[in-house]
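S.K.: Build me a model from this:
(2 chains)
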Amino acid sequence: MIEFKHVSKVYTNGTIGLKDVNVKINEGEFIVIVGLSGAGKSTFLRSINRLHEISEGEILIDGKSITKAKGKELRKFRRNIGMIFQSFNLVTRSTVLRNVLSGRVGYHSTMVTLLGLFPKQDVELSLRALERVNIKEKAYSRADELSGGQQQRVSIARALAQEAKIILADEPVASLDPLTTVQVMEDLKKINKELGITTIVNLHNVELTRKYADRILGFRAGELVFDGGIAEATDEIFDSIYGKESNRDEMLGGK
Amino acid sequence: MEKSLIGMKCWEENSMKCTEALKRCFKKLRTRKKKPYINNTEALKRPAKTKKIVTAILIITIIISSGYETGADFSKLIAGIPQMGVLIMEMFPPDWTYISVIVEPLKETLRMAILGTTIGGLIAIPLALFSASNITKTGIIRYPARFILNLIRTIPDLLFASIFVAIFGIGPVAGIMALAGFSIGIIAKLAYEAIETIDNGPLEAMTAVGANKIQWIYYAVLPQILPQFVSYFLYTLEINVRAAAVLGLVGAGGIGLYLNRTLGLFRYDQTSVIIIATLLAVIIIDGLSTVLREKLL
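M.R.: As a prediction, the model looks like this:
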């Protein structure tokens, strides 16, 4: 369970990232976060694993404060949280397997990881993770030989190899074509259902949000303005999240 | 469109001598530049032109005044040409029998260069990491590291060699240490600039995975800079072979000692053999490093 308690974030340049956000995210939920660019979606997501520091409040993960964690303790929190990025963030010159194995470094000593002495189980775990996203045969290819959709699946496999309990996906399909978009979203949903991994996804697309979300969080100017299921998220709600004047065709047509 | 026509007219008035082809070329450039800045073309264009003219004047002034202050003189250059010819004549034909004498010192020079570059390259890695602003966020470490690099780079290789000859005595050890010091300056500087341009994405991903700093560097930074690093290393090795040839002048071992000796004895025919042999060594290393770099990139 992830719990936000009065969380606020003000950037050093004065921009408000988050404004008094209070929310509880339960285990196994598939959450989609919607909002305009700059509304705080990314800040919300990145504050969970502290890629962004918050200015006020506290974030609890399974009852323990990640906000107060330091050093090794923080790294332990992070190794349980997988993250998927818009630009995949793989080391493109390394092999796919090595990229997936890099998800395991939080579990081993520095020496073991520097010498590449990952135990057999880790390699098997990584290969199984690749199998789950259907690109096991690419394990020994260099990451830059893969297409965008394949690279994104490698980064999902990396999160799986981490044996993460939470997966954060920051606009995971924003740089993919419509077909691979569906594949990646299906992978995320499948993992969420089969392994019960809490999944939080930032999306820009209303159609995809309706199709995949269990629960929707809407942000506007750093404030949490909507929290509910798909049934409650009517067109009017989306209008209010995106601002009434926004172009509906643009929102719906998108992908 | 209108504005581009006005621009054309102004320009035509200013330079009547240019050919039609150049005019067309300029017109293309003008219209292309104009599009993004339709509202304030005139205001944007003029400062750009002044800047170019001022820069050109500045550069020319610096060159001419440098020549004037140092007393460089074309007549001296021309007067010296016959002497140059005499020297080159004395170099030929090269005394090929001298090869047997210099093979061993040439090998020693190469060994010095390889060892010196390797030691320097290894020390350069942490220094480059400490100097890169995206790796070392605190200025407390970064600025001293950069200061040390600047300091090392200001010391010429011959001074390094003289210092190490004073410490380790005459011989190749001093030469190796001098080359190592010299290499640190070059490799660390180039490497840290390369590190600062790497993709931030993998760094973020490794932070999110829960890696500690060393794992973070090993998995996200090193794979990204390895090709450049090897390239800089090989480039420095090339420089060091040449530098090592000179280090012997101050007693730091290698072929430089023989270079000094032949010059002192006015045996220019032997000097030319040394130069040709060093040239060959440099060409071979250059060829090898080109092949290696292509394989790596």
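S.K.: Can you give me every residue that contacts the closest residue to chain A within the stretch 51-200 of chain B?
M.R.: The nearest approach of the stretch 51-200 of chain B to chain A comes at B:D199, 8.0 Å away (CB to the nearest CB). (Each C-beta comes from the backbone N, C-alpha and C, glycine too.) By CB atoms under 8 Å, 6 or more residues apart in numbering or on different chains, B:D199 lies in contact with A:N89, B:Q224.
S.K.: And it, its phi and psi?
M.R.: Dihedral pair for B:D199: phi -70, psi 130, per degrees, to the nearest 10.
S.K.: Output the lowest mean pLDDT helix or strand found in chain B.
M.R.: Least confident helix or strand, chain B: helix B:2-14 with a mean of 47, by mean pLDDT, DSSP states H and E.
S.K.: Just the closest residue of the stretch 101-250 of chain A to chain B, please.
M.R.: For the stretch 101-250 of chain A, CB to the nearest CB, closest residue to chain B: A:G106, 3.3 Å.
S.K.: Was I right to think that residue contacts A:Q162?
M.R.: Yes: counting by CB atoms under 8 Å, A:Q162 is a contact partner of A:G106 at 7.1 Å.
S.K.: Looking only at neighbour counts, state which of those two leads.
M.R.: A count of neighbours by other CB atoms under 10 Å in any protein chain shown puts A:Q162 above the other of A:G106 and A:Q162, at 27 against 23.
S.K.: so what secondary structure elements neighbour the biggest helix by length in chain B?
M.R.: Using DSSP state H to define each element, chain B has its longest helix at helix B:99-131. Applying 3 or more CB pairs under 8 Å, 6 or more residues apart in numbering or on different chains; DSSP states H and E, we find helix B:99-131 packed against helix B:139-154, helix B:172-195, helix B:222-247, helix B:256-264, helix B:268-296.
S.K.: Could you figure out how far it is turned away from helix B:222-247?
M.R.: 140 degrees (axes from the mean of the first three to the mean of the last three CA atoms, to 10 degrees).
S.K.: circling back to that earlier point, quickly list what's touching both of A:G106 and A:Q162.
M.R.: With contacts defined as CB under 8 Å, 6+ apart, the residues shared by A:G106 and A:Q162 are A:R79, B:V209, B:G210.
S.K.: got a winner among the residues you listed for most neighbours?
M.R.: In those, the most neighbours by other CB under 10 Å go to B:V209, 28 neighbours.
S.K.: Below-threshold pLDDT in the chain: ranges please.
M.R.: Went with chain A since none was named. A:244-255 (pLDDT under 70).
S.K.: right idea, wrong chain: chain B
M.R.: Residues of chain B that meet the cut-off, pLDDT under 70, sit at B:1-48, B:297.
S.K.: Centroid-nearest residue for it?
M.R.: The geometric centre of chain B, computed from its C-alpha atoms, lies nearest to B:I186 (CA atoms, centre = their mean), at 7.9 Å.
S.K.: hang on, it packs against B:I239?
M.R.: Yes: in this structure B:I186 lies within contact range of B:I239 using CB under 8 Å: 7.2 Å.
S.K.: Which residues of the stretch 1-150 of chain A lie near chain B?
M.R.: A:49, A:51, A:72, A:74-83, A:85, A:87-91, A:93-94, A:102-103, A:105-106, A:110, A:113-114 (CB under 8 Å from any CB of the partner chain).
S.K.: What subset of those residues is buried?
M.R.: Applying 16 or more other CB atoms under 10 Å in any protein chain shown to those, the neighbour count classes A:49, A:51, A:74-75, A:77-83, A:85, A:87-91, A:93-94, A:102-103, A:105-106, A:113 as buried.
S.K.: List the backbone torsions phi and psi for A:V225.
M.R.: Per-residue torsions, A:V225: phi -100, psi -10 (degrees, to the nearest 10).
S.K.: Can you tell me the SS state at A:A39?
M.R.: Under DSSP: H, G, I helix; E, B strand; the rest coil, the three-state class of A:A39 is coil.
S.K.: Can you tell me who the closest residue to it other than its chain neighbours pairs with across the strands?
M.R.: Spatially, and ignoring its direct neighbours in sequence, A:A39 is nearest to A:F219 (4.3 Å; CB to CB, 6 or more residues apart in numbering or on different chains). A:F219 has the following beta-bridge partners by DSSP bridges: A:L224.
S.K.: Surely A:F219 touches A:S42?
M.R.: No: counting by CB under 8 Å, A:F219 sits too far from A:S42 to count as a contact (9.7 Å).
S.K.: Between those two, which has more neighbouring residues?
M.R.: Higher neighbour count among A:F219 and A:S42: A:F219, with 26 against 20, using other CB under 10 Å.
S.K.: Contact partners for that one?
M.R.: Applying CB under 8 Å, 6+ apart to A:F219 gives the contacts A:I33, A:V34, A:G35, A:A39, A:G40, A:K41, A:F44, A:V225, A:I241.
S.K.: and the longest helix of chain B with helix B:256-264, angle?
M.R.: For helix B:99-131 against helix B:256-264, the angle by the same axes, to 10 degrees is 130 degrees.
S.K.: Can you give the distance of helix B:99-131 from its chain's centre?
M.R.: 17 Å (CA atoms, centre = their mean, to the nearest Å).
S.K.: buried residues in it?
M.R.: Neighbour counts over helix B:99-131 (16+ other CB under 10 Å) mark B:101-102, B:105-106, B:108-121, B:123-125, B:127-131 as buried.
S.K.: Please enumerate the helices of chain A.
M.R.: A:41-48, A:71-79, A:96-101, A:110-114, A:120-132, A:148-161, A:178-195, A:206-212, A:235-242, A:248-253.
S.K.: Dump the ones you listed to a markdown table, plus distance to B:G171.
M.R.: Listed next are the helices of chain A as a markdown table, based on distance: least, CB to CB, whole Å:
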| stretch | distance to B:G171 |
| --- | --- |
| helix A:41-48 | 58 |
| helix A:71-79 | 48 |
| helix A:96-101 | 44 |
| helix A:110-114 | 36 |
| helix A:120-132 | 50 |
| helix A:148-161 | 53 |
| helix A:178-195 | 64 |
| helix A:206-212 | 72 |
| helix A:235-242 | 76 |
| helix A:248-253 | 76 |
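S.K.: on that earlier part again, the helices and strands packed on helix B:99-131: which one's closest to A:Q152?
M.R.: Among the helices and strands packed on helix B:99-131, helix B:222-247 comes nearest to A:Q152, with 19.3 Å by CB to CB.
S.K.: list the buried ones in that closest one?
M.R.: Here helix B:222-247 shows B:222-225, B:228-241, B:243-247 as buried, counting by 16+ other CB under 10 Å.
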